[in-house]
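Participant: with the sequence up front, the predicted model follows.
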Amino acid sequence: MKFRHKKELRKLRAISLALLLFWVIPVTSLKAQDTTQIWTLQSCLDYALANNIQIRQSKVTHLSGLEDTEEARAQLFPNLTASVTQGYVNYPSSDAATNHSYSGNYAVNANWTLFDGGQRWQALKQQRIQNEVDELSIEQSEDDIQIAIVQTYMQVMYAMEAVRINENTVEVSKFQRDRAKEMLKVGSISKVDLAQLESQYSTDKYQLVVAKTNLDDYKLQLKQLLELDITDEMYFEMPQIADETVISPLADKESIYETSLAVMPQIRSSELAVEIAELEKKKAKGGFFPTISLNAGLGTGHLSGTDYSFGSKIWNNFNESVGLTISIPIFANREKKTAYNKAKLAVTTSTLDLLDAQKNLLKTVEGIYLDATAAQEQFLAAKEKLSYLEESYSLIEQQFFLGLKNTLELLTEKNNLLSARQEVLQSKYMAIMSMVLLDIYQKQPVKVSI
């Protein structure tokens, strides 16, 4: 059937075109007001690095390790102790005049381990390496939180665009429903056609609610990652990412992996773990050697009930001592040998852990790289598909209102168009997220501005 007036047809085409353009033009902002803080990806990363609890805990652990290093260094030097002892002795069965006495002893003693098979030196070296491991632990915590934030932030951006698409879909559905009511009045369509459009309008509104719920959920996840207060609100700007950015060429996979091996903290930590295990083996071997210690002391004392004055007693009892002690391990119930054998096994274990860390990094980097390249290819294909479907949908919609297409054909083409838009959206953000993650794994600044 045809429209009675050409003017009405032109008006309908203009409205349809306006709605279609509104569908594809991105909303620039979801902020409440111009003065509201807008959370970008970089601001989220900066805030997390400064305030994340796990990162702060790692820093405290590092400071504690520095204290352990100072203690290990102090073991190389002599120790010095002073003691004062006061005593009282009672003799109930003795003469009443002399049945008790008072005594005092005063001493200063020093001890210095001259040789212990190098165990203290190895312990100091271990602790210094452990300090470096603790620093790398801070760096790894920073990487972990950055990766989590990038993934969640991209989900927020995707959900924001999904809400926009669903809002525009609802507007189009409402327009089609309202137009169908007018067409029903003039007998251009049946009640069944109108009911189908009413049903589609309700379905699209439901999908909009689902999209908004997903957005709220992803916002909450990001808020929790940033450890913001429950009363804090987060506002974002809709990103405007050029197609050239989405399909920008990547470095070759091998160079990305080699760079990651050189800069990622988990690899360096595993390498240092091997060094610590080697030092532990040397320390255990030192247990088979004798220990040589030098000791010296000064002492004096006094005892009541003698004819000497207090000063004379102190002087007469003053003594100096010096000694050299050699402790030779002969039989220690196999403790030394067991410790050495376990230390050798620990070297093997740490070496295997290093290989495992390298393989896991390769697996992770390769997976992200494949995700990036696949998403870029999917993006190009989805964009091409979308352009054809937009043209097809526009024509079918016009034909529907001219009575040349039925409701099922219109709704089928509309759902195909919506699905194509979702495919473009998914591939775009998958590509962007993968590229940002590759930057993190190479310790490079995030190139994509979102």
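Facilitator: Now that the structure is in, tell me what you want to look at.
Participant: make sure Phe82 is indeed in a strand.
Facilitator: Just to correct that, residue 82 is Ala rather than Phe. Yes. The assignment for Ala82 (DSSP: H, G, I helix; E, B strand; the rest coil) places it in a strand.
Participant: contact partners for the nearest residue to it once chain neighbours are set aside?
Facilitator: Sequence neighbours aside, Val108 is the residue nearest to Ala82 in space, at 4.9 Å (criterion: C-beta to C-beta, 6 or more residues apart in numbering). Yep, even glycine has a C-beta here, placed from its N, CA and C like the rest. Residues near Val108 by C-beta atoms under 8 Å, 6 or more residues apart in numbering: Leu80, Thr81, Ala82, Ser83, Gly297, Leu298, Gly299.
Participant: roughly how far apart are the third one and Asp353?
Facilitator: Remark: distance between Ala82 and Asp353 (C-beta to C-beta, to the nearest Å) = 47 Å.
Participant: of these two, give the one with the bigger neighbour count.
Facilitator: Applying other C-beta atoms under 10 Å to Ala82 and Asp353 shows that Asp353 carries more neighbours, namely 15 against 9.
Participant: ok, that one touching Ser270?
Facilitator: Yes. Between Asp353 and Ser270 there is a contact at 5.6 Å, judged by C-beta atoms under 8 Å.
Participant: how about the strands of the stretch 301-450 of the chain, start to end?
Facilitator: Listed in chain order, the strands of the stretch 301-450 of the chain (DSSP state E, counting those that start in this stretch) span 319-327.
Participant: low-confidence ranges, it, go.
Facilitator: Regions of the stretch 301-450 of the chain meeting the criterion pLDDT under 70 cover residues 305-308.
Participant: also the stretch 1-150 of the chain?
Facilitator: For the stretch 1-150 of the chain (pLDDT under 70), the answer is 1-35, 93-99.
Participant: if we go to 80?
Facilitator: Low-confidence segments of the stretch 1-150 of the chain (pLDDT under 80): 1-36, 89-101.
Participant: what are the ranges of the strands in it?
Facilitator: 79-90, 100-115.
Participant: so what are the sheet partners of the longest one and their directions?
Facilitator: Looking back up the chat, that one is strand 100-115. strand 79-90 (antiparallel), strand 291-303 (antiparallel) (DSSP bridges).
Participant: ranking these by burial, who's on top?
Facilitator: When the strands paired with strand 100-115 are scored by mean count of other C-beta atoms under 10 Å, the highest mean neighbour count falls to strand 291-303 (a mean of 16).
Participant: strand 319-327 and that strand, what's the angle between them?
Facilitator: Put simply, strand 291-303 runs at 150 degrees to strand 319-327, going by axes from the mean of the first three to the mean of the last three C-alpha atoms, to 10 degrees.
Participant: that older thread, can you say which of the strands paired with strand 100-115 is nearest to Thr231?
Facilitator: Nearest to Thr231 among these is strand 79-90 (55.2 Å), distances taken as C-beta to C-beta.
Participant: can I get that closest one in PDB, CA atoms only?
Facilitator: Only the C-alpha atoms of strand 79-90 are listed here, as PDB (Å, rounded to 0.1, in the frame of the first residue of the first chain):
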ATOM      1  CA  ASN A  79      78.600  -8.700  70.500                       C
ATOM      2  CA  LEU A  80      79.100  -7.100  74.000                       C
ATOM      3  CA  THR A  81      77.100  -7.800  77.100                       C
ATOM      4  CA  ALA A  82      77.300  -6.500  80.700                       C
ATOM      5  CA  SER A  83      75.900  -8.200  83.800                       C
ATOM      6  CA  VAL A  84      75.300  -7.300  87.400                       C
ATOM      7  CA  THR A  85      74.400  -9.900  90.000                       C
ATOM      8  CA  GLN A  86      73.400  -9.300  93.600                       C
ATOM      9  CA  GLY A  87      72.900 -12.200  96.000                       C
ATOM     10  CA  TYR A  88      72.000 -13.000  99.500                       C
ATOM     11  CA  VAL A  89      72.800 -16.300 101.300                       C
ATOM     12  CA  ASN A  90      71.300 -17.400 104.600                       C
END
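Participant: ok now that strand, how far from the chain's centre?
Facilitator: Using C-alpha atoms, centre = their mean, to the nearest Å, the mean C-alpha position of strand 79-90 is found 56 Å from that of the whole chain.
Participant: need the contact partners of that strand.
Facilitator: Residues outside strand 79-90 that contact it (C-beta under 8 Å, 6+ apart): 99-112.
Participant: circling back: from the contacts of Val108, pick the one nearest Thr69.
Facilitator: Relative to Thr69, the closest of the contacts of Val108 is Leu80; by C-beta to C-beta it sits at 21.6 Å.
Participant: how far away is that closest one from Lys283?
Facilitator: In terms of C-beta to C-beta, Leu80 sits 26 Å off from Lys283.
Participant: ok, now Glu275?
Facilitator: Distance of Glu275 to Lys283, computed by C-beta to C-beta: 13 Å.
Participant: between these two, who's got more neighbours?
Facilitator: Lys283 (22 against 16).
Participant: I figured the more buried one hits Gln126, correct?
Facilitator: Yes. Lys283 lies in contact with Gln126 (C-beta under 8 Å); the separation is 7.4 Å.
Participant: if we can go back for a sec, what's opposite the residue nearest to Ala82 in the beta bridge?
Facilitator: Beta-bridge pairing of Val108 under DSSP bridges involves Ala82, Leu298.
Participant: sorry, back to before: ok, of the contacts of Val108, which one's closest to Ser312?
Facilitator: The nearest one, if we look at the contacts of Val108 relative to Ser312 and count by C-beta to C-beta, is Gly299, at 16.4 Å.
Participant: is Glu390 in contact with Leu418, as I believe?
Facilitator: No. With contact defined as C-beta under 8 Å, Glu390 does not reach Leu418; the gap is 11.2 Å.
Participant: residues shared between the contacts of these two?
Facilitator: Shared contacts of Glu390 and Leu418 (C-beta under 8 Å, 6+ apart): none.
Participant: ok, the two, which is more surrounded?
Facilitator: Comparing Glu390 with Leu418 by other C-beta under 10 Å, the one with more neighbours is Leu418, at 20 against 16.
Participant: OK, contacts around the nearest residue to that one once chain neighbours are set aside?
Facilitator: Leaving aside its chain neighbours, Leu418 sits nearest to Thr169 (6.0 Å; criterion: C-beta to C-beta, 6+ apart). With contact set as C-beta under 8 Å, 6+ apart, Thr169 has these partners: Trp23, Asp204, Gln207, Leu208, Leu418.
Participant: and the residues you listed, which two are furthest apart?
Facilitator: Applying C-beta to C-beta across the contacts of Thr169, the maximum distance is between Trp23 and Gln207, 14.5 Å.
Participant: picking up where we left off before, give me the buried subset of the contacts of strand 79-90.
Facilitator: Buried residues within the contacts of strand 79-90, counting neighbours by 16 or more other C-beta atoms under 10 Å: Gly104, Tyr106, Ala107.
Participant: all the helices of the stretch 101-250 of the chain, residue numbers only.
Facilitator: Ranges of helices within the stretch 101-250 of the chain are 119-185, 191-226, 243-246, based on DSSP state H, counting those that start in this stretch.
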